[in-house]
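# Predicted model follows, preceded by the sequence.
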Amino acid sequence: ATRTVADAAGCEMHVVKGGEGARFAAGAKVALKSPWLMFLPAGSMLEPGWHVDASNFVERAERNGQAERCAAAFRLKRDAFGWGARAGEALSNLSTQLLGMASSEQGLLISRRLYTSVGGHHDLGTLSDFDLINRIGRSRLVLLRSAAVAPQDTPRPARQKLARFAVCALRLPPRLLAGLNG
């Protein structure tokens, strides 16, 4: 019911072929008048109250002259039960805090100026999210209090897990590993 919800909210809906990076880049092009962009993949939803955290972040960044120097991600929560889901959330949020590597499932709030200056999204398969976050830089990423609730983690082939680990932990350039992510 995406079309119905988008229409009721007064949104335009555009269907774009390609990977997540290509779709996000196309969305940024369509939203030319917006000084701030928020990216959230299909399947993820923001928990109630997210707009307060997002507005506070944008206001603070603008007021302090930091809009061109920082971006924000939401904490990750899984829409699943059990200790495995909680462990995955904790690991992902720790990775975001320590390494500055948020996944697309967490959403991204970024000023158009910063998005443009770092070159926007590139279509690198499952590494598109880490590629953009890597170019933003860990010191410029803020973790918001609100969470993005993502579907249960889908199993990835070993080569995709290895590529994502290498980008996160070893800080290897995502473009170098794009062939591994399938």
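Ah, there it is. Numbering: from 1, shown residues only.
# can I assume residue 120 is in contact with residue 26?
No. In this structure, residue 120 is not within contact of residue 26 by CB atoms under 8 Å, at 10.3 Å. Glycine gets a C-beta too; all of them are placed from N, C-alpha and C.
# All the helices of the protein, in order from the start?
If DSSP state H is used as the criterion, the helices of the chain fall at 2-8, 20-30, 50-63, 83-99, 112-117, 128-136, 158-168, 174-177.
# Mind checking the ones you listed for the one nearest to residue 148?
helix 50-63 (8.0 Å; CB to CB).
# Contacts made by the closest one with the rest, please.
If you take CB atoms under 8 Å, 6 or more residues apart in numbering as the criterion, helix 50-63 is touched by 36, 38, 66-67, 70, 72, 74, 109, 111, 142, 144-148.
# now the helices of the chain in JSON lines, with mean pLDDT and distance to residue 152?
Formatted as JSON lines, the helices of the chain follow (pLDDT from 0 to 100; distance: least, CB to CB, whole Å):
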{"stretch": "helix 2-8", "mean pLDDT": "80", "distance to residue 152": "20"}
{"stretch": "helix 20-30", "mean pLDDT": "84", "distance to residue 152": "18"}
{"stretch": "helix 50-63", "mean pLDDT": "94", "distance to residue 152": "20"}
{"stretch": "helix 83-99", "mean pLDDT": "73", "distance to residue 152": "7"}
{"stretch": "helix 112-117", "mean pLDDT": "94", "distance to residue 152": "29"}
{"stretch": "helix 128-136", "mean pLDDT": "82", "distance to residue 152": "18"}
{"stretch": "helix 158-168", "mean pLDDT": "58", "distance to residue 152": "16"}
{"stretch": "helix 174-177", "mean pLDDT": "61", "distance to residue 152": "25"}
